[in-house]
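S.K.: Fold the following and give me the result.
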Amino acid sequence: MLVAIVEDNFGIRKNLVELFELYDYETISSENGSDGLNKIMKYKPNIVVADIMMPDMDGITMIEKLRAKLDYRHIPVIFLTAKNSLADKIRGLETGAVDYITKPFETKELLQKVNNLLELGKRQMVNALSTPNKHTFESSDQTFLSKLRTIIEANISNEKLDVYMLALALNFSTSSIHKKVKQITNKSTNQFIREYRLERAKQMIEDQHANVSEIAFSLGFNSVSYFSKSYKDYFGQNPKKSNSKTHDI
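M.R.: Numbering: from 1, shown residues only. Next comes the predicted model:
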C-alpha cells in the first residue's frame with residue numbers, strides 16, 4: 001500500500017515516512033502542495049496524508065485540484081494540521097477529506113485511521129467486483145452511503161460519533177441525514193452507526209484481531225457489557241462465542 005505524505009516541515013515529514021515504512025507501507029513524500037499534487041497524479045497512492053499550511057500551494061488547494069480530476073477523486077485524504085478551529089475543520093472536510101487530525105497527534109490513532117480506510121477501500125472493491133450487477137440503490141444514494149461509511153470508519157473509535165458529526169462532515173443538516181438514511185436503509189442513523197460497528201466487530205473477532213474488550217473500546221463502545229448485549233441482540237450469540245479461538249475478555 002502506498003501512502004503519499006505532503007508536509008512542509010522536514011522533521012515531521014521524515015518521522016511520518018519512517019513511521020509508515022516501519023509498518024510496511026510504501027511512501028512518497030513532498031514538501032509542498034504543488035509537488036504533492038504532481039506526485040499523487042503520477043503514482044496514484046492508496047491514501048494521502050497532508051498538511052494544510054504549506055508554501056507554493058496549500059493543502060486545501062491541492063485537494064480541490066485533485067478532486068476536480070475524475071481519476072483521483074477516489075483517493076482518501078487525511079488532513080494532519082495545526083489549524084484546529086471548527087471553521088478550519090469544516091473547510092477541510094468540505095474539500096472531500098475523510099478525516100481531519102490536529103497536531104500534535106497520536107501516531108497510533110493516525111495509523112489506525114489509515115489502516116481502517118485502506119481496509120474499507122479493499123472491501124468495497126471486493127464487493128464491487130464480486131457483485132457487479134446487484135444494485136440496491138440509485139447512484140446518488142450509493143455515493144451518499146459510501147461517504148457515510150467512510151466517515152464512520154474514519155471515526156469509528158470515537159464514542160461520541162453521532163448524527164451531528166456526520167452532518168458536519170457531510171455538510172448536511174441533521175434532519176436531512178436522518179431522512180436520507182431512513183429512506184435508503186429503513187434504519188435510524190444511530191442504528192446504522194451501531195450496526196456498522198457491530199459488523200466491524202464481528203470481522204475483527206473472527207480474524208482474532210484482539211480480545212473482546214479491546215475490540216469493543218476500539219470501535220467506540222464505552223462499556224463491554226453494552227457491547228456484548230448489542231452484539232448478542234444483533235447476531236444472536238455472545239461475541240466470545242463467535243470464534244472459539246477468540247481470546248477471553
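S.K.: show me what contacts the residue most central in space within the chain?
M.R.: For the chain, the residue nearest the mean C-alpha position is A154 (2.6 Å; CA atoms, centre = their mean). Listed by CB atoms under 8 Å, 6 or more residues apart in numbering, the contact partners of A154 are 78, 98-99, 113, 116-117. From N, CA and C alone the C-beta is placed, and that goes for glycine too.
S.K.: Do you know the pLDDT at the nearest residue to E31 once chain neighbours are set aside?
M.R.: The shortest distance from E31 to any non-neighbouring residue, by CB to CB, 6 or more residues apart in numbering, is to D8 (5.2 Å). On pLDDT, D8 comes in at 94.
S.K.: doesn't D51 make contact with D8?
M.R.: Yes. At 6.2 Å, D8 counts as touching D51 under the criterion of CB atoms under 8 Å.
S.K.: The two - which one has more neighbours?
M.R.: For D8 versus D51, the count of surrounding residues by other CB atoms under 10 Å is larger for D51: 25 against 18.
S.K.: just to revisit the earlier point, hang on, the residue nearest to E31 in a helix?
M.R.: No. Read with DSSP: H, G, I helix; E, B strand; the rest coil, D8 is coil and lies in no helix.
S.K.: related to what we said a few turns ago, next, work out how far apart the closest residue to the residue nearest to the centre of the chain other than its chain neighbours and D207 are.
M.R.: With CB to CB, 6+ apart as the criterion, A154 has its nearest non-adjacent residue at 4.1 Å, and that residue is D99. The spacing between D99 and D207, counted by CB to CB, to the nearest Å, is 23 Å.
S.K.: Over to Q183?
M.R.: To D207, Q183 is 33 Å away according to CB to CB.
S.K.: swap in M54?
M.R.: 38 Å.
S.K.: the more surrounded of the two?
M.R.: M54 (24 against 10).
S.K.: Am I right that that one is in a helix?
M.R.: No. The assignment for M54, made by three-state DSSP, is coil rather than a helix.
S.K.: about what we covered before: secondary structure, pLDDT and neighbour count added to the contacts of A154, as TSV?
M.R.: Converted to TSV, the contacts of A154 look like this (DSSP: H, G, I helix; E, B strand; the rest coil; pLDDT from 0 to 100; neighbours: other CB atoms under 10 Å):
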residue	secondary structure	pLDDT	neighbour count
I78	strand	91	21
V98	coil	81	22
D99	strand	83	25
K113	helix	85	22
N116	helix	80	21
L117	helix	79	20
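S.K.: ok, these vs K240, which is closest?
M.R.: N116 (23.6 Å; CB to CB).
S.K.: Now that closest one. Nearest residue, chain neighbours left out?
M.R.: E153 (4.9 Å).
S.K.: For that neighbour, the count of nearby residues, please.
M.R.: 21.
S.K.: from what I can see it touches V114, true?
M.R.: No. Counting by CB under 8 Å, E153 sits too far from V114 to count as a contact (11.0 Å).
S.K.: residues in contact with F221?
M.R.: Shown in contact with F221 (CB under 8 Å, 6+ apart): 159, 197, 227, 230.
S.K.: can you list the domain ranges for this structure.
M.R.: Domain assignment for the chain by automatic domain parsing gives 2-124, 135-241.
S.K.: gap between the last one and the chain center?
M.R.: When you say that, I think you mean domain 135-241. Distance, stretch centre to chain centre, for domain 135-241: 12 Å (CA atoms, centre = their mean, to the nearest Å).
S.K.: Just the mean pLDDT for that domain, thanks.
M.R.: pLDDT averaged over domain 135-241 gives 85.
S.K.: Make sure I28 is indeed in a strand.
M.R.: Yes. Read with three-state DSSP, I28 is one of the residues of a strand.
S.K.: For it, name its beta-bridge partners.
M.R.: Beta bridges link I28 to A4, judged by DSSP bridges.
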